[in-house]
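>>> here you go, sequence then predicted model.
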Amino acid sequence: MKSNLVGRLREKAVLKEISDSDSSQFLAITGRRRVGKTYLIKSYFNTKIDFDFSGILNANQHDQLQNFQFSLTRHFKQYKKSNVVLNWLSAFKHLSLLLQKTKKKKKQIVFIDELPWLDTHKSNFLAALDWFWNSWAVDQNIVLIVCGSSTSWIINKLINNKGGLHNRITKRIHLEPFTLGETESFLNQRGITLSRYQLLQTYMAFGGIPHYLKEIHKGESAMQAIDRICFKKSGLLVNEFDNLYKALFNNYQTHVKIIFALSSKLKGLTRNEILAITKLSDGGTFTSILEELEWCSFIKSQPSFGKVKKEILYRLTDEYSLFYIKFMYRKKNVNWQQLSSGNTWKSWSGYAFENICIKHISQLKSAMGISGVYTEESGFIYKGTKTQKGTQIDLVIDRNDGIINLCEAKFYNKEVSISKGYASELKEKKDIFERISATNKTVFMSMITTHGLSSNIHKNELIQQEMDMNDLFTD
């Protein structure tokens with residue numbers, strides 16, 4: 001097995017566990033398009049895969065079965081092409097017989113990629129898969145691994161299956177985008193060395209999606225890479241937005257409506273505010289769509305400190321979607337060099353940096369020395385009254401050791417200096433939080449910056465803990 005996989009420590013542990021198990025294992029992998037699901041399996045198991053097969057997008061049942069039969073001939077020398085595969089049940093019976101003939105002491109690995117694409121109209125694919133697992137594979141020394149970009153299908157038709165496959169999944173992996181640290185390692189492995197400030201800029205546009213990051217060329221700056229990949233006619237991400245959501249969700253237009261609604265208010269929207277903007281109907285379907293978007297890491301639900309569940313804020317957190325809607329959607333002849341030095345980028349990058357900090361909460365906790373302390377993360381919103389000023393704090397870390405951290409994130413190209421006016425603003429935020437929350441815990445004001453804080457009287461008086469971008473790159 002190869003060991004050159006960047007990061008993915010938890011996922012490797014799961015794959016090792018199912019490989020070493022004494023019983024058959026059924027693993028379902030979900031994750032957004034281009035996040036590296038197929039690469040994970042093929043890199044980890046390498047030549048250990050006994051049979052692998054991938055569905056074809058928009059192909060009919062006949063063509064899918066033809067492709068399956070071709071895969072049988074590719075993996076099994078003893079398979080006779082004259083054994084015509086007429087339907088999915090016969091396809092899986094052929095596979096089981098061939099695996100039985102080549103049985104070995106170690107586990108046999110069967111990998112079916114893009115599984116949702118095989119479930120065509122009236123194909124009875126799920127019934128055949130049910131037979132393969134329940135009537136044969138479960139009693140053999142088999143690891144069955146299935147994955148696909150269509151997360152809604154995997155969740156609804158497989159993980160939450162109400163028929164013969166109910167509760168048959170023994171392990172699940174949801175593959176997340178790379179962290180900043182993994183992104184740095186991935187690019188370094190490809191001979192690309194960028195400063196961490198430059199890496200942050202690319203992460204704001206691409207996120208931690210390996211397939212997007214592969215497009216960065218050696219010797220390019222962040223600005224050059226973003227310009228070429230996002231704004232040139234042949235750029236990989238020019239037309240990626242629609243393809244991304246189409247691949248993941250059935251009736252994806254509704255998901256996209258919610259994404260655009262959330263892009264209209266970067267600090268987040270409540271459920272009712274999303275419904276008002278999108279004009280969608282409230283109910284179970286709407287709830288399921290929000291869950292699917294969060295499952296795929298496009299949005300994040302964030303409770304407001306001390307508030308009831310209905311006041312949860314939903315934030316758009318997918319970097320590429322944010323970047324696309326703000327700078328690419330219906331834009332022509334964009335001069336990225338000019339745009340990236342303007343005020344629009346500066347204000348937007350501040351929000352993007354906040355999102356990145358929220359996503360890297362475990363790294364922040366490590367930098368603060370509280371990795372072992374139980375914490376709950378939330379935001380804080382006080383809308384104010386006619387006589388009292390309101391405020392919003394994007395990250396509140398409520399600790400089990402009697403401390404609450406109010407975190408401010410600042411993205412800047414040099415050290416941040418806390419001016420008298422900014423110090424007054426921070427103190428006011430802290431005072432409002434303490435008064436409205438009525439907490440009896442000690443409240444610390446904390447700051448996360450790119451290049452650190454300048455030392456002055458305001459920093460010394462107000463800031464109990466400070467982190468910089470280097471802390472976000474630890475794993």
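Looks like it came in fine.
>>> excluding its backbone neighbours, what's nearest residue 138?
residue 24 (5.2 Å; C-beta to C-beta, 6 or more residues apart in numbering). Any C-beta I mention is one placed from the backbone N, CA and C, and that applies to glycine too.
>>> OK, contacts around that neighbour?
Each residue near residue 24 by C-beta atoms under 8 Å, 6 or more residues apart in numbering is listed here: 137-144, 170.
>>> residue 443: which of those is nearest?
When the contacts of residue 24 are compared for distance to residue 443 (C-beta to C-beta), residue 170 wins out at 45.0 Å.
>>> and the closest one, what are its phi and psi?
Geometry field for residue 170 lists phi and psi as phi -90, psi -30, criterion degrees, to the nearest 10.
>>> that one against residue 25, yeah?
Yes - counting by C-beta atoms under 8 Å, residue 25 is a contact partner of residue 170 at 5.0 Å.
>>> neighbour count: the two, which is higher?
Ranked by neighbour count (other C-beta atoms under 10 Å), residue 170 and residue 25 place residue 25 first, with 23 against 16.
>>> one step back: and which of the contacts of residue 24 is nearest to residue 92?
residue 137 (9.1 Å).
>>> what pLDDT does the model give residue 62?
If you check residue 62, the pLDDT there is 93.
>>> check the gap between it and residue 88 for me.
According to C-beta to C-beta, to the nearest Å, residue 62 and residue 88 sit 12 Å apart.
>>> tell me which of these two has more neighbours.
residue 88 (24 against 10).
>>> contact partners for that one?
With contact set as C-beta under 8 Å, 6+ apart, residue 88 has these partners: 61, 65, 118, 123-125, 127-129.
>>> now with 10 Å, please.
Applying C-beta atoms under 10 Å, 6 or more residues apart in numbering, one finds that residue 88 lies in contact with 61, 64-65, 68, 118-120, 123-129, 131-132.
>>> among those residues, the buried ones, what's the PyMOL command?
In PyMOL, this line selects whichever of the contacts of residue 88 come out buried by 16 or more other C-beta atoms under 10 Å:
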select buried, resi 61+64+65+68+118+119+120+123+125+126+128+129+131+132
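>>> now flag whichever of the contacts of residue 88 is closest to residue 312.
Minimum distance to residue 312 across the contacts of residue 88 is 33.2 Å, recorded for residue 119 (C-beta to C-beta).
>>> could I get the contacting residues of the nearest residue to the closest one once chain neighbours are set aside?
Computed as C-beta to C-beta, 6+ apart, the closest residue to residue 119 that is not its neighbour in sequence is residue 125, at 4.7 Å. By C-beta under 10 Å, 6+ apart, the contact set of residue 125 is 55, 61, 64, 87-89, 91-92, 115-119, 157.
>>> measure residue 125 to residue 114 for me?
12 Å.
>>> shared neighbours of these two, anything?
Overlap of the contact sets of residue 125 and residue 114 (by C-beta under 10 Å, 6+ apart) consists of residue 55.
>>> circling back: mind checking which of the contacts of residue 125 are in strands?
The members of the contacts of residue 125 all map outside strands under DSSP state E.
>>> looking at the residues you listed, which gets the smallest pLDDT?
Scoring the contacts of residue 125 by pLDDT puts residue 157 last, at 87.
>>> hmm, that one is touching residue 126, no?
Yes - between residue 157 and residue 126 there is a contact at 6.5 Å, judged by C-beta atoms under 10 Å.
>>> what residues are shared contacts of the two?
In contact with both residue 157 and residue 126: 115, 119, 163, 165, using C-beta under 10 Å, 6+ apart.
>>> and the furthest pair within these?
Checking the shared contacts of residue 157 and residue 126 with C-beta to C-beta, the most distant pair is 115 and 163, at 15.7 Å.
>>> neighbour-wise, which of the two wins?
A direct count of neighbours by other C-beta under 10 Å for residue 115 and residue 163 places residue 115 higher, at 25 against 10.
>>> how about residue 408, phi and psi?
phi -110, psi 130.
>>> which pLDDT value belongs to it?
95.
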